[in-house]
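S.K.: Give me coordinates for this.
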Amino acid sequence: MTNVQTALNGICPYFTMFPLDFPLSILKRRARAGDVVLDPFCGRGTTNFAARLVGLRSLGVDSSPVAAAITASKLTTATVDDILTEARRILAEREACHIPTSEFWKWAFHPNVLDALCRFRETFLEDCTTDTRIALRGIVLGALHGPKQKTFPSYFSNQCPRTYAPKPAYATRFWQGRGLEPEPIDILAVIERRAKRYYGTSSDITGAVRLADSREAEALQPDTPEARFDWVITSPPYYGMRTYIPDQWLRNWFVGGPDTVDYTNRNQVVHSSPEDFAANLRQVWRNAENVCAEDAKMVIRFGGITDRRANPLDLIKSSLGDSGWRITTIREAGAATEGKRQADSFLRTKSHPMVEYDIWSVKQ
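M.R.: Numbers count the residues shown, from 1 in each chain. Below you'll find the predicted structure:
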């Protein structure tokens, strides 16, 4: 695959991600024509995008609205001209009804930029069902916050991390202490550059994404009763990682969440104990087994974080007990790449990479 063909996978940063090569290599080498792929913890949609690249249909499910929106942007087909036309139309015709006014928002975005972002946000909340709007929403999500560039602006915010959202109190002190005032950004220029990067090519094969909790049986149901999934390729949350929404709160605001940080953990796998965590995963595996073909295969990439006293391999093996799946192979996947690890997205100091595993299983 060329960089042009795979560029869309990078439309929006997301800290819980495995490399595209993981699902892509499995599907390219082992999938059959017509196979259908499921990812019950789809995150930013890497498995679904890989399925699209090899010409397979897929379903991605995630309880995070941010994850669902990012995945949707990778499964749509839109032209650069249509994206730009829609962006111009929204900015010309729409008036923002509500613009956040707290100190954080005044320092995070230039007033003109924030006004435009609110126009986009309210438009998408009313209707984001067309391919063009789904693509445009994904582009704006990816550009919502990030570092200042030396050449031309790539992000809409004041100086920020690109992968996770800044916490309001700390960020405000940071900007004020350094005199970093938000600058006016040519929003359409940023959108145009990103549209050309991510939507220069297209594919007829697409898939679907569903905002739902995979612990609920109906979340994984195919669109038609007779349909069955042939592959499950996924990476569930690692034990102890539960701040997905708080760490993505700005993007979560853009897709309909509050304009303050929400620290609750609704609709997420529980982390109260290793046993409860494994039981929650087991329910997902059972739900997946119920909608899979008889010869279906499931591949799980799983690891851990160093501040949790739980062996990740023991956890994932426990979750697969009495799940309808039989483990066939366990392979070490190496240590996750520095700077792209799930663990380091949640810890104040960098941790030593833990070994990750690929667990292969088949329906019993």
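S.K.: now the strands: where do they sit in the stretch 201-350 of the chain?
M.R.: 208-211, 229-234, 292-302, 325-335 (DSSP state E, counting those that start in this stretch).
S.K.: Take these and write them to CSV, including mean pLDDT, distance to Ile134 and mean neighbour count.
M.R.: In short, each C-beta sits where N, CA and C put it, glycine included. Converted to CSV, those look like this (pLDDT from 0 to 100; distance: least, CB to CB, whole Å; neighbours: other CB atoms under 10 Å):
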stretch, mean pLDDT, distance to Ile134, mean neighbour count
strand 208-211, 97, 10, 20
strand 229-234, 98, 22, 24
strand 292-302, 97, 27, 19
strand 325-335, 92, 32, 14
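S.K.: Switch the ones you listed over to TSV, and while doing so, append distance to Ser319 to every line.
M.R.: Formatted as TSV, these follow (distance: least, CB to CB, whole Å):
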stretch	distance to Ser319
strand 208-211	22
strand 229-234	12
strand 292-302	9
strand 325-335	10
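S.K.: quick one, which of those strands is nearest to Ile316?
M.R.: strand 292-302 (4.4 Å; CB to CB).
S.K.: Does Met42 touch Ala50 like I think?
M.R.: Careful, residue 42 is Cys and not Met. No - counting by CB atoms under 8 Å, Cys42 stays clear of Ala50, with 11.2 Å between them.
S.K.: To what extent is Pro166 buried, counted in neighbours?
M.R.: Pro166: 21 surrounding residues under other CB atoms under 10 Å.
S.K.: again, but for Lys150
M.R.: So Lys150, with other CB under 10 Å, has 5 neighbours.
S.K.: Which helix or strand contains it?
M.R.: In the assignment (DSSP states H and E), Lys150 maps to no helix and no strand.
S.K.: Let me know which of the strands of the stretch 201-350 of the chain is the nearest to Gln176.
M.R.: Of all the strands of the stretch 201-350 of the chain, strand 208-211 comes closest under CB to CB, at 36.5 Å.
S.K.: What is the closest one packed up against?
M.R.: On a contact count with 3 or more CB pairs under 8 Å, 6 or more residues apart in numbering; DSSP states H and E, strand 208-211 meets strand 57-62, helix 65-73.
S.K.: Out of the ones you listed, flag the one nearest Trp325.
M.R.: Nearest to Trp325, of the helices and strands packed on strand 208-211 and by CB to CB, is strand 57-62 at 17.3 Å.
S.K.: Pipe the helices and strands packed on strand 208-211 into JSON lines and attach distance to Tyr164 per row.
M.R.: Formatted as JSON lines, the helices and strands packed on strand 208-211 follow (distance: least, CB to CB, whole Å):
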{"stretch": "strand 57-62", "distance to Tyr164": "17"}
{"stretch": "helix 65-73", "distance to Tyr164": "11"}
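S.K.: closest one to Ala7 among the ones you listed?
M.R.: Nearest of those (CB to CB): helix 65-73, 12.3 Å.
S.K.: what does that closest one rub up against?
M.R.: 8, 11-12, 14, 42-45, 48, 60, 62, 134-135, 137-139, 141, 209-211, 244-245, 248, 251-252, 255-257 (CB atoms under 8 Å, 6 or more residues apart in numbering).
S.K.: Export that helix to CSV, keeping only CA atoms.
M.R.: Output of helix 65-73 as CSV, limited to C-alpha atoms (Å, rounded to 0.1, in the frame of the first residue of the first chain):
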residue,chain,number,x,y,z
PRO,A,65,-18.7,9.4,20.2
VAL,A,66,-15.2,10.6,19.2
ALA,A,67,-14.1,7.2,18.1
ALA,A,68,-17.3,6.6,16.2
ALA,A,69,-16.9,9.9,14.3
ILE,A,70,-13.3,9.3,13.5
THR,A,71,-14.1,5.8,12.2
ALA,A,72,-17.0,7.1,10.1
SER,A,73,-14.6,9.6,8.4
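S.K.: So for that helix, mean pLDDT?
M.R.: Regarding helix 65-73, the rounded mean pLDDT is 97.
S.K.: again, but for stretch 357-364
M.R.: 96.
S.K.: What are the contacting residues of that stretch?
M.R.: By CB under 8 Å, 6+ apart, stretch 357-364 touches 22, 289, 292-303, 312-313, 316-317, 320, 324-333.
S.K.: repeat for stretch 282-295
M.R.: 38, 40-41, 214-217, 219-222, 228-230, 232, 236, 269, 296, 298, 318-325, 362-363.
S.K.: in that stretch, what counts as buried?
M.R.: Arg282, Gln283, Val284, Trp285, Arg286, Asn287, Ala288, Glu289, Val291, Cys292 (16 or more other CB atoms under 10 Å).
S.K.: would CSV of those residues with distance to Ala67 be doable?
M.R.: As requested, the buried residues of stretch 282-295 are arranged in CSV below (distance: CB to CB, whole Å):
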residue, distance to Ala67
Arg282, 22
Gln283, 19
Val284, 15
Trp285, 19
Arg286, 22
Asn287, 18
Ala288, 17
Glu289, 23
Val291, 20
Cys292, 22
